[in-house]
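K.L.:
everything below, folded, please.
(4 chains)
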Protein chains: 2
Amino acid sequence: MNVDTKGLIIQVATDLFRKKSYLGVGISEILTACNLSKGAFYHHFPKGKEELLITCLYTMNETITNDMKAIFSRHETTVEAIESMLIEVINQYERDEMIIGYTFSSIVSEMGSLSEAVREVCENSYANIEGIYIAKLQADGFSKQMAKELALMINATIEGGIMLCLTTKTSKPLKTVSKLLPNLIKVVE
Amino acid sequence: MNVDTKGLIIQVATDLFRKKSYLGVGISEILTACNLSKGAFYHHFPKGKEELLITCLYTMNETITNDMKAIFSRHETTVEAIESMLIEVINQYERDEMIIGYTFSSIVSEMGSLSEAVREVCENSYANIEGIYIAKLQADGFSKQMAKELALMINATIEGGIMLCLTTKTSKPLKTVSKLLPNLIKVVE
DNA sequence: GTCTATACGGTGATAGAC
DNA sequence: GTCTATCACCGTATAGAC
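P.N.:
Numbering: from 1, shown residues only, chains lettered A, B, ... in the order given. Coordinates of the predicted model:
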C-alpha cells in the first residue's frame, strides 16, 4: 500500500521522539501511529529502536543543515542570517507549540551517557551546525580561531534558549537571544 | 539502621538521574543501590517515582542556589562571579566526568512535555538562578530590564555550554563560554 | 514485506507480614 | 518503617505464516 514504509516509520518516530522524548516513546506507540506491526518494523530496523533513533538523527541533521545553508546563503552577514533563522524558529514554535529542529539536546541528555553511538551522531551534527557558522564568520572577516569560538558560543546560546522556551512554555527566551546575540558577534567585529 | 532513609533515597536517586536520565533509571535500580525494598520506598514516596523526582529537583535547586549565592557574595562584579563559578563547574566536570549541578535541561527535555508539575518546578528553579544574576547585574548598575535580559542570556549560554560538554565529552565548550561570556556583559556596561 | 502470536525481562505499584 | 511476595502492564525482540 505505502510506497515507503521505512520513510513513514522514520517520519512518525522523529515526530514522537521530539514530542515525548526517546525513552518516553515505545515502539508499539510508533507502530500504532503508522498502522504497522512489529514484523514490518524489525524488517526495516533489525537492530531495533536504537538503530531507528540513529536513522532519525541523520535525517534530522540533514534537514537542519540544508535549511540553515539556504538561510545563510540569502544573507550578507552572520548576524543577519542568525536573526533570520531565529525568527523562523520562533514563528514555528508559536505556531506548533513545539520546536522541530536545530536541537539535539534532549537526545544528548537522555542517551549521551547510555549510548556512545548516539552521542557521536549528535556530536557530529553539532559540528556540522557550527561549521556553517564558522564559514560565515570567516567570510565576515573573523580569524579562524575566533570564528570557531564564536560559533560554539552561538550554538550554545541558541540551544540553551530553545531549552528555556520549552521550560517556560513561551518564546520569550529565544526572542531575547535573538536580540542580544548580535552584541556578542559585533563586539569583536 | 539508617537515620535518614528518605534522605538516602533522594541522594542516590539524584545521582543516578544525573548519570542516566530520569526515564533511564528504574525504581528497582535506585533501591538496589540503597539496599532497600519497594515497601520502604513507597512508604516515603506514596505517589511514586514522579514524587521522588520532584523532591530531588527541590533539593538540587536549593543546593545550586546556595552554592551560587556563596560564590556571588565573594565577588565584586557579575563577570568575576560567573568566571569563578564556571571554573568550579569545569574543575568538577574534569574530576568527575559528570556535571552535578547548574542544569535541569535533561529533566526538561524528558519530562517537560509529559508532566506539567515537573516542568513547573524546573521553571521555578531557573527563575531562582536568573534571580541571582539579576540582583548582581543591578548592583553592577544595569537597569532592571537589561539585567533581566542579560540574566536569561547567561543562563541559556551556560546551559547550552554544559550540554555541549556532555556531547563532546570535553570541557572545551564551557571554557570557551567562560572566555567569551564577559564580552556580552561588558559591551553594555 | 507485512502479518499474528508469543517470549521474556523489567516497569511502577500494591498487599500484607513482621 | 521495612520486609517479601505478587500484581498487571509495557518494553523490546523473535519466530513463523502468508
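K.L.:
mind listing what A:G161 touches?
P.N.:
By CB atoms under 8 Å, 6 or more residues apart in numbering or on different chains, the residues touching A:G161 are A:173-174, A:176-177, B:156, B:160. C-betas here are computed from N, CA, C, even on glycine.
K.L.:
among the residues you listed, which are in helices?
P.N.:
A:173-174, A:176-177, B:156, B:160 (DSSP state H).
K.L.:
of those, which is the nearest to A:K49?
P.N.:
Among these, B:G160 lies closest to A:K49 (CB to CB), at 27.4 Å.
K.L.:
the closest one: how many residues sit nearby?
P.N.:
Neighbourhood size, B:G160 [other CB atoms under 10 Å in any protein chain shown]: 30.
K.L.:
count of neighbours near the residue of chain A found nearest DNA strand C?
P.N.:
Nearest residue of chain A to DNA strand C: A:G39, at 1.5 Å (CB to the nearest atom of the strand). Neighbour count of A:G39, defined by other CB under 10 Å: 8.
K.L.:
and it, backbone torsions?
P.N.:
When read as degrees, to the nearest 10, the backbone of A:G39 gives phi -50, psi -50.
K.L.:
contacting residues around the nearest residue to A:K148 once chain neighbours are set aside?
P.N.:
In this structure, A:K148 finds its nearest non-sequential neighbour in A:I134, 5.9 Å apart by CB to CB, 6 or more residues apart in numbering or on different chains. By CB under 8 Å, 6+ apart, the residues touching A:I134 are A:144, A:147-148, A:151.
K.L.:
quick one: pLDDT of A:I134?
P.N.:
What the model reports as pLDDT for A:I134 is 98.
K.L.:
these two touch, right, A:T59 and A:D15?
P.N.:
No: with contact defined as CB atoms under 8 Å, A:T59 and A:D15 do not form a contacting pair (11.7 Å).
K.L.:
higher neighbour count, those two?
P.N.:
The neighbour comparison of A:T59 against A:D15 (other CB under 10 Å) goes to A:D15, with 16 against 13.
K.L.:
give me the distance between that one and A:D96.
P.N.:
From A:D15 over to A:D96 the distance is 11 Å, taken as CB to CB, to the nearest Å.
K.L.:
likewise for A:Y42?
P.N.:
Counting by CB to CB, the gap from A:Y42 to A:D96 is 31 Å.
K.L.:
what about the two, which has more around it?
P.N.:
The residue with more neighbours, out of A:Y42 and A:D96, is A:Y42; 13 against 9, by other CB under 10 Å.
K.L.:
close to DNA strand C: what parts of chain A are there?
P.N.:
Counting by CB under 7 Å from any atom of the strand, the residues of chain A lying close to DNA strand C are A:2, A:5-6, A:35-40, A:43-44.
K.L.:
in strands, which of those residues appear?
P.N.:
Of the residues of chain A next to DNA strand C, none are assigned to strands by DSSP state E.
K.L.:
tell me the two of those residues that are most distant?
P.N.:
Using CB to CB, the residues of chain A next to DNA strand C reach their maximum pairwise distance at A:N2 and A:K38, which is 16.6 Å.
K.L.:
include pLDDT when you put the ones in helices among the contacts of A:G161 into a markdown table, please.
P.N.:
What follows is the ones in helices among the contacts of A:G161, written out as a markdown table (pLDDT from 0 to 100):
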| residue | pLDDT |
| --- | --- |
| A:P173 | 98 |
| A:L174 | 98 |
| A:T176 | 98 |
| A:V177 | 98 |
| B:A156 | 98 |
| B:G160 | 97 |
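K.L.:
state the pair within these that is farthest apart.
P.N.:
Farthest apart among the ones in helices among the contacts of A:G161 by CB to CB are A:T176 and B:G160. That separation is 13.7 Å.
K.L.:
A:I158: what's it in contact with?
P.N.:
Counting by CB under 8 Å, 6+ apart, A:I158 makes contact with A:86, A:102, A:174, A:177, A:181, B:160.
K.L.:
list just the nearest of these to DNA strand D.
P.N.:
The closest of the contacts of A:I158, once distances to DNA strand D are taken by CB to the nearest atom of the strand, is A:Y102, at 25.2 Å.
K.L.:
count residues in the vicinity of A:G24, would you?
P.N.:
19.
K.L.:
and A:S109, its phi and psi?
P.N.:
Here A:S109 shows phi and psi, under degrees, to the nearest 10, equal to phi -60, psi -40.
K.L.:
kindly report the same for the one 4 residues further on.
P.N.:
Listed backbone geometry of A:S113 is phi -90, psi -10, with angles given as degrees, to the nearest 10.
K.L.:
any idea how far it is from B:S105?
P.N.:
Taking CB to CB as the measure, A:S113 and B:S105 are separated by 14 Å.
K.L.:
and the two? which has more neighbours close in?
P.N.:
Between A:S113 and B:S105, counting by other CB under 10 Å, B:S105 is the more crowded of the two (27 against 20).
K.L.:
list the contacts of the more buried one.
P.N.:
Contacts of B:S105 (CB under 8 Å, 6+ apart): A:105, A:109, A:160, A:163, B:159, B:162-163.
K.L.:
tell me how far it lies from B:L53.
P.N.:
Distance from B:S105 to B:L53, by CB to CB: 15 Å.
K.L.:
likewise for A:F45?
P.N.:
A:F45 sits 31 Å away from B:L53, going by CB to CB.
K.L.:
more neighbours: which of those two?
P.N.:
Counted by other CB under 10 Å, A:F45 and B:L53 do not tie: B:L53 has more neighbours, with 23 against 20.
K.L.:
on the pLDDT front, check that one for me.
P.N.:
98.
K.L.:
not counting sequence-adjacent ones, nearest residue to it?
P.N.:
B:Y22 (5.9 Å).
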